[in-house]
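Student: Whatever this is, show me its structure:
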Amino acid sequence: MKLVFLYHPVKDLNKSLTFYLDTLGFEEAWREGEHTVALSLPGSDVKLLIEDDEQDLSAGGVFLVDSVDTFFKENKDKLEFVKEPIDIPPGRYAIYQDNSGNYIRIIDFTNET
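Tutor: Here you go, the predicted model:
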């Protein structure tokens, strides 16, 4: 696994985007629809992902795996998945909890060429 995003749920995407861009000086890397924006962190390959979709889940890391489906299949009996694998534009996505209740998000980029 490789850390690719720091995930921060936000209440208001536009207000949060203004804060991160204008107050903190981050730069917008890309946007997906009306709910998700990735921001470049100076000096890092890791992006900050702000999103107003998963309000009930806490902040945390998003880790790249070769295949979300394979990871799920190999770990579904050992880990507590709160979101089973779903399709997202770049590939597949799922969320599980560690033994302290922290949310761990995994992603693959199987739809990118």
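Student: for this protein, longest helix please?
Tutor: When every helix of the chain is counted residue by residue (DSSP state H), the longest turns out to be helix 68-75.
Student: Other residues contacting it?
Tutor: Contact partners of helix 68-75, identified using CB atoms under 8 Å, 6 or more residues apart in numbering, comprise 65, 81, 84, 85, 91, 92, 93, 94, 96, 106, 107, 108. From N, CA and C alone the C-beta is placed, and that goes for glycine too.
Student: Mind giving me the ChimeraX command for buried ones among the residues you listed?
Tutor: With 16 or more other CB atoms under 10 Å as the criterion, this ChimeraX line picks the buried residues out of the contacts of helix 68-75:
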select :65,85,91,92,93,94,96,106,107,108
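Student: Filter the contacts of helix 68-75 down to the ones in strands?
Tutor: Residues of those located in strands (DSSP state E): 81, 84, 85, 91, 92, 93, 94, 96, 106, 107, 108.
Student: now the fifth one, which residues is it bridged with?
Tutor: Okay, so that is residue 92. Taking DSSP bridges, one obtains residue 87, residue 108 as the residues bridged to residue 92.
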